[in-house]
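1. here's a sequence, model it:
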Amino acid sequence: MRNVGLLAGCQALANCCNVLMVAIAALVGQNLAPDASLATLPFALQFVGIMVTTVPASFMMSRFGRRYGFSQGAVIGIVAGLICSLAVFERSFMLYCAGSLIYGAFAAHASYYRFAAADAAKPESKARAISLVLAGGIVAAIAGPELAKWSRDLFEPIFFAGSFLVVSALSFVVLLVVQFIRIPNLKPEVSSKGGRPLSEIARQPAFIVAVLAGMIGYGSMNLIMTATPLAMLACNHDFADSAFVIQWHVLGMFAPSFFTGSLVRRFGVEAILLTGGALILGCIAMNLSGIEVFQFWSALVMLGLGWNFLYVGGSVLLTSTHTPEERGKVQALNEFLTFGTVAVTALSSGALLHAFGWNVVNLGVVIPILVVIAAALWFRRQNRAPVPQH
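-> All right, here's what the predicted structure looks like:
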């Protein structure tokens, strides 16, 4: 529980950075970009940074330990915030893109907090450990947008430069907190075994469904979330309104984590995945129903809830597919595929919104979510199939 508490604190701090970036990234990009269609490119590059860092970060943690990896990630976060702040002062879109890419490496390391908690938990407690660590994001739901609003004008008339300095400060606090984490490293003789080939592990039905839930759940959420501040701006809603909507969205993402793990144990992971898919479909329906603040707000709350159920459910399911010596490569593949999908959605979100409009952005998510729902139903049928008698 000590490790879970510390990791939840790290998750809260890292998510404060993430939420702050969500609230301002597209707006800063729009201000600095030479073309409106490039407004979300810096934000997309964060996910490119995550994608290319997930694999080396996982293998490095397997070799040197979680604390070493999380410390390295925090240092990267400090540097990224400083570079982005300088980019705003210099009005350099290219420098802002570089800082955003580097920030992604920090976020990649932070994505392993939930798995670090599962490493130190008993099998029956893994779901609860993962969900409680993610519950640290509730702090971010409240503090992130408020920090964005507070720091926006710190260096007026140069807006948002102070926001990125807040990212550096929060990353420094993460660096301090992770020094108190105590998670035993794998013994060299265990780590060197490597376990089964990755191709064999990836053929398991549980692995397929877990990865689909992570990829499509996170990618769909990111596609809609990234476009929302720009869509609200186009509908003549002000920055305070979009920050309010993002705040409630993040609350929807992380508040259920106090009980999602218990729900998984009570109703089964398939039911949680199906509920998550249904919630995201509800989000799409609400977004298509109107352009008032209420529609944006209620849609993004449902989007956050749906993401939580898919992300926690997929993460819990993934832990059942590997042994301790296999976890480095399995978690690396899962994170690479998940954040590769997220990078694609982030890269395309602004361009889709600019070229085709808000409705197309939402409708583009329907088929992928139906694929997740179908996969969860297939997995439930697999688990209930009778065992052949010989």
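
2. next SSE after the helix or strand encompassing residue 353?
-> Secondary-structure assignment from DSSP states H and E places residue 353 in helix 327-356. Counting by DSSP H and E, the next helix or strand C-terminal to helix 327-356 is helix 358-363.

3. list the helices and strands that next one packs on?
-> helix 205-234, helix 269-289, helix 327-356 (3 or more C-beta pairs under 8 Å, 6 or more residues apart in numbering; DSSP states H and E). No exception for glycine: its C-beta is placed from N, CA and C like everyone else's.

4. OK, contacts around the closest residue to residue 104 other than its chain neighbours?
-> The spatial neighbour of residue 104 that comes closest, neighbours along the chain excluded (C-beta to C-beta, 6 or more residues apart in numbering), is residue 49 at 2.0 Å. By C-beta atoms under 8 Å, 6 or more residues apart in numbering, residue 49 lies in contact with 100, 101, 102, 103, 104, 105, 107, 108.

5. ok, back up a step: who are the packing partners of the helix holding residue 353?
-> helix 41-64, helix 113-119, helix 198-202, helix 205-234, helix 293-319, helix 358-363.

6. and residue 93, which of these is closest to it?
-> Closest of the helices and strands packed on helix 327-356 to residue 93 is helix 41-64, at 7.7 Å (criterion: C-beta to C-beta).

7. the closest one versus helix 205-234: what angle between them?
-> 150 degrees (axes from the mean of the first three to the mean of the last three C-alpha atoms, to 10 degrees).

8. could you pull out the buried residues of the next helix or strand after helix 41-64?
-> The element immediately downstream of helix 41-64 (helix or strand, assigned by DSSP H and E) is helix 66-90. Across helix 66-90, burial judged by 16 or more other C-beta atoms under 10 Å covers 66-67, 69-88.

9. re earlier: helix 205-234 and the helix holding residue 353, what's the angle between them?
-> 30 degrees.

10. now helix 327-356: mean pLDDT?
-> Averaged over helix 327-356, pLDDT sits at 87.

11. next up, the contacts around residue 89.
-> Counting by C-beta under 8 Å, 6+ apart, residue 89 has contacts 155, 158, 161.

12. for residue 71, see how far away residue 376 is.
-> Distance of residue 376 to residue 71, computed by C-beta to C-beta, to the nearest Å: 37 Å.

13. ok, of the contacts of residue 49, which one's closest to residue 233?
-> residue 100 (19.5 Å).

14. where's the closest one, which helix or strand?
-> helix 93-110.

15. quick check: mean pLDDT of that helix?
-> The model assigns helix 93-110 a mean pLDDT of 95.

16. for the chain, what helix or strand is lowest in average pLDDT?
-> helix 188-191 (a mean of 51; mean pLDDT, DSSP states H and E).

17. buried ones in stretch 34-50?
-> Going by 16+ other C-beta under 10 Å, stretch 34-50 has these buried residues: 38-50.

18. redo these as TSV? Include pLDDT.
-> Formatted as TSV, the buried residues of stretch 34-50 follow (pLDDT from 0 to 100):
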residue	pLDDT
38	81
39	79
40	74
41	84
42	88
43	80
44	79
45	88
46	89
47	81
48	87
49	92
50	90
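
19. nearest to residue 361, of those residues?
-> residue 40 (11.2 Å).

20. I'd like to know how far the residue lying closest to the closest one once chain neighbours are set aside sits from residue 29.
-> In this structure, residue 40 finds its nearest non-sequential neighbour in residue 350, 3.1 Å apart by C-beta to C-beta, 6+ apart. Remark: distance between residue 350 and residue 29 (C-beta to C-beta) = 8 Å.

21. then residue 56?
-> 27 Å.

22. quick check: which ranges of this structure have low pLDDT?
-> Scanning the chain for pLDDT under 70 picks out 186-194, 384-390.

23. the host helix or strand of residue 129: how far from the chain's middle?
-> Under the criterion of DSSP H and E, residue 129 resides in helix 126-135. When distances are taken as C-alpha atoms, centre = their mean, to the nearest Å, helix 126-135 is centred 14 Å away from the chain's centroid.

24. if we look at the helix or strand following that helix, which residues are touching it?
-> Once helix 126-135 ends, the next helix or strand along the chain (criterion: DSSP H and E) is helix 137-152. With contact meaning C-beta under 8 Å, 6+ apart, helix 137-152 is reached by 11-12, 15-20, 22-24, 159-160, 162-163, 165-166, 239-240, 243-244, 246-248, 250-251, 253-255, 257.

25. next step: those restricted to helices.
-> 11-12, 15-20, 22-24, 162-163, 165-166, 239-240, 243-244, 246-248, 250-251, 253-254, 257 (DSSP state H).

26. what residues are up against residue 223?
-> Contacts of residue 223 (C-beta under 8 Å, 6+ apart): 345, 346, 348, 349, 352, 361, 364, 365.

27. correct me, but the fourth one touches residue 44?
-> Yes: in this structure, residue 349 is within contact of residue 44 by C-beta atoms under 8 Å, at 7.4 Å.

28. which neighbours do the two share?
-> residue 226.

29. neighbour count for residue 56 and residue 29, which is higher?
-> residue 29 (24 against 13; other C-beta atoms under 10 Å).

30. state the helix or strand in which that one lies.
-> Using DSSP H and E, residue 29 sits in helix 2-32.

31. how far is that helix from where the chain is centred?
-> 10 Å.

32. ok, now stretch 304-322?
-> For stretch 304-322, the distance to the chain centre is 12 Å (C-alpha atoms, centre = their mean).

33. then stretch 69-86?
-> 18 Å.

34. who touches it?
-> 10, 14, 17, 57, 60-61, 92, 95-96, 98-100, 102-103, 105-106, 108-110, 112-113, 116, 161-172, 174-175, 178-179, 181.

35. what's the PyMOL line that selects buried ones from these?
-> One line in PyMOL is enough to select the buried ones among the contacts of stretch 69-86; burial here means 16+ other C-beta under 10 Å:
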select buried, resi 10+14+17+57+60+61+95+96+98+99+100+102+103+105+106+108+109+110+112+113+116+161+162+163+164+165+166+167+168+169+170+171+174+175+178+181
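
36. which one is residue 163 nearest to, not counting chain neighbours?
-> Nearest one to residue 163, counting by C-beta to C-beta, 6+ apart, is residue 151 at 4.2 Å.
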